[in-house]
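Undergrad: Provide a 3D model corresponding to the input given below.
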Amino acid sequence: MTMAITLDRFREIVGAYGAAAHRWPVAECAAALALVAENAEARALLDDALQLDLMLDAAPAAEPASDLLIARIMAARPRAVVPPRASVVQSVPRRGLLSLLQVLWPYGSAAFPAGALAASIMLGVGFGATATSTMVSLGLADTTQTAASTSEFGEQLVAIAFAENTYPEEWQ
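TA: Predicted coordinates for the structure are as follows:
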């Protein structure tokens, strides 16, 4: 049994895929052909789509752009990063630390990644110090059991980070 499609859906199919039935969606092809067989407006839509397909097929193919334009586009394209060769790495000690940095980071200035690394280290140290002092100030740990409480607090953070929905009974 084939499903029936509406004239609006047939209009969408012909508008998107053209008049050739082999390009239509397989699930709707039989229903679309049945609609064409029984509906004059569907046949008119198919004829219009066929006219458009024939005009598009008859249109000349666009000529390639000029050689000058192709050369400008190729010159402006992004370049791939070339990995350092052994000869460049061997010549590093003669040219100093700056050339070593260029071999290790060929993307320009290394200030941004160095700053990001320094900021992440400082945040890690800051959060580590804050977690312990927060636990002490909240009464979660006394000074004699700080190490044990810190490990329990760490387990809680890991459970929260992995979005575990079940918690041990002692947490509740």
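
Undergrad: Per the annotation, how does the chain divide into domains?
TA: 7-58, 109-171 (automatic domain parsing).

Undergrad: Where among the ones you listed is average confidence lowest?
TA: Least confidently modelled of the domains of the chain is domain 109-171, at a mean of 69 by mean pLDDT.

Undergrad: From residue 33, how far out is residue 109?
TA: Taking CB to CB, to the nearest Å as the measure, residue 109 falls 64 Å from residue 33. Every residue, glycine included, has its C-beta placed from N, CA and C.

Undergrad: The two: which has the busier surroundings?
TA: With other CB atoms under 10 Å as the criterion, residue 109 and residue 33 differ in neighbour count, and residue 33 comes out ahead with 15 against 9.

Undergrad: For the more buried one, which residues are in contact?
TA: By CB atoms under 8 Å, 6 or more residues apart in numbering, the contact set of residue 33 is residue 21.

Undergrad: residue ranges of the helices in the chain, please?
TA: Secondary structure of the chain by DSSP state H: the helices cover 7-17, 26-38, 40-58, 67-76, 86-90, 92-95, 97-104, 111-137, 146-161.

Undergrad: tilt between the third one and helix 26-38?
TA: Spelled out, it's helix 40-58. Compare the direction of helix 40-58 with that of helix 26-38 by axes from the mean of the first three to the mean of the last three CA atoms, to 10 degrees and you get 110 degrees.

Undergrad: In this model residue 153 seems to touch residue 131, though I could be wrong.
TA: Yes: counting by CB atoms under 8 Å, residue 131 does reach residue 153; the two are 6.5 Å apart.

Undergrad: Same drill for those two, tell me which one is more crowded.
TA: Set residue 131 next to residue 153 and count neighbours by other CB under 10 Å: residue 153 wins out with 17 against 14.

Undergrad: distance of residue 123 from residue 130?
TA: With distances taken as CB to CB, residue 123 is found 10 Å from residue 130.

Undergrad: Now render the domains of the chain as CSV, adding distance to residue 101.
TA: As requested, the domains of the chain are arranged in CSV below (distance: least, CB to CB, whole Å):
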stretch, distance to residue 101
domain 7-58, 54
domain 109-171, 6
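
Undergrad: Out of those domains, which one sits most buried?
TA: domain 7-58 (a mean of 14; mean count of other CB atoms under 10 Å).

Undergrad: distance between the ends of that domain?
TA: Domain 7-58 has an end-to-end distance of 28 Å (CA to CA, to the nearest Å).

Undergrad: can you check stretch 97-116 too?
TA: With CA to CA as the measure, stretch 97-116 spans 21 Å from end to end.
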